[in-house]
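In: Here you go, sequence then predicted model.
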Amino acid sequence: MTASKPIKIDQVTKIFSTDLLKKPMIAVNQLSIEIEDREIFGFLGPNGSGKTTTIKMLLDIVRPSRGSITIFGRDARDPTSRAVVGVMPEQATFYDYLTASELLTYYARLRGVDRDIRATRIQELIERVGLQGHQQRRLRYYSKGMLQRVAIAQALLAKPKLLILDEPMTGLDPVGRKEMRDMIAEARDQGATVLMSTHILSDVELLCDRIGIIIGGVLRKSGKLETLLKDHGETTDIHAGQIPEVVQRSLESQGAVVRTVGTATLVRAPYSLQQLVITALARAEVSIEVVMPRSKGLEELFLAEVKASEVFTPAVES
């Protein structure tokens, strides 16, 4: 028997009603995603793309207009589906008159952490997130980065099978981001599945097994990061001497980008055009200094998808 997916989103659409004089707003349109066991899935998209709405539907804060969502085979509308979920919201609002120790004790009781191990678990997490020495300070005196550390600690309290993290790197300095990445990877290594929404693409490249790019409520790309980047194509940088104007126009007409600084020229072209460019430069007796294949990164893939997407309100069948 096949185990149930940690998350299965099947043809989900979410429509928000506005006032009577305006059309309803489609926040998510026919979204389908399956997240595998023990993977880190990066959920990417520009502001207003539908990421947070999708997370709210997973947590039954809002409900889909159409489609279905399950967590480990249970309907997301069933409160028991969230018993194995740890959540770090984008903007966590805590009781700021409590200390970190008091807040984590409160959440541990809510999550049903056994009394016999509660204090040990809380102290372990305080040390893990780097708040030792600060746990008796009231939260109102915490910085944004320190509050992020409290937020990930409360998400990890009950050793969840599924972690849902909405912008976990917000407010963290480079050291804090490194520590957060380590904690996320450690949770996965200990058996958790992670859904992570973030704008920091370098962290996605370092952490995520697969990604999904949502724009305008529509899933534009989904799959293994290395596969998507390979499919997006490779380029070649060719450093050369000065190129005759006629040769430059010819190369640009075939898709190359040519930049000249003094007597030096950089030609950046799709990998498929590499030999054509080299041949054209050789025929023009232009010296070639370096030929450097270059893989496109996630930022280029993401920006290409944003640029390719049209700004419109998707039609939804009634």
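Out: Everything's here; your move.

In: longest single helix anywhere in the chain?
Out: Identified as the longest helix of the chain according to DSSP state H is helix 174-189.

In: Now tell me what touches that helix from outside.
Out: Helix 174-189 has contacts (CB atoms under 8 Å, 6 or more residues apart in numbering) with 38-40, 128-130, 145, 148-149, 152, 156, 163, 165, 168-169, 172, 194, 196, 200, 203, 206-207. For glycine as for every other residue, the C-beta is placed from the backbone atoms N, C-alpha and C.

In: where does this structure have its least confident helix or strand?
Out: The helix or strand of the chain with the lowest confidence, counting by mean pLDDT, DSSP states H and E, is helix 225-232 at a mean of 76.

In: quick one: contacts of it?
Out: 42, 204-205, 208-211, 221, 295-298, 300-301, 304.

In: 7 Å instead?
Out: The contact list for helix 225-232 (CB atoms under 7 Å, 6 or more residues apart in numbering) reads 205, 208, 210-211, 221, 295-296, 298, 301, 304.

In: Likewise for stretch 190-203?
Out: By CB under 7 Å, 6+ apart, stretch 190-203 touches 6-7, 35, 37-43, 51, 55, 160-169, 177, 181, 184, 187-188, 204, 208, 298-299, 302.

In: Quick one: buried ones out of these?
Out: Buried subset of these (neighbour count, 16 or more other CB atoms under 10 Å): 6-7, 35, 39-43, 51, 55, 160-169, 177, 181, 184, 187-188, 204, 208, 298, 302.

In: Filter those down to just the ones in strands.
Out: 7, 35, 40-43, 162-166 (DSSP state E).

In: so which strand or helix has Val12?
Out: strand 7-16 (DSSP states H and E).

In: quick one: Ala151 and Gly191, what's the gap?
Out: Separation of Ala151 from Gly191 (CB to CB, to the nearest Å): 21 Å.

In: what do you get for Arg111?
Out: 17 Å.

In: Please apply the same query to Met25.
Out: 38 Å.

In: Give me the three-state assignment for Gly145.
Out: Here Gly145 is recorded as helix under DSSP: H, G, I helix; E, B strand; the rest coil.

In: For Gln135, see how far away it is.
Out: In terms of CB to CB, Gly145 sits 15 Å off from Gln135.

In: same deal with Ala284?
Out: When distance is defined by CB to CB, Ala284 is 69 Å away from Gln135.

In: higher neighbour count, the two?
Out: Between Ala284 and Gln135, counted using other CB atoms under 10 Å, the more crowded position is Gln135 (19 against 16).
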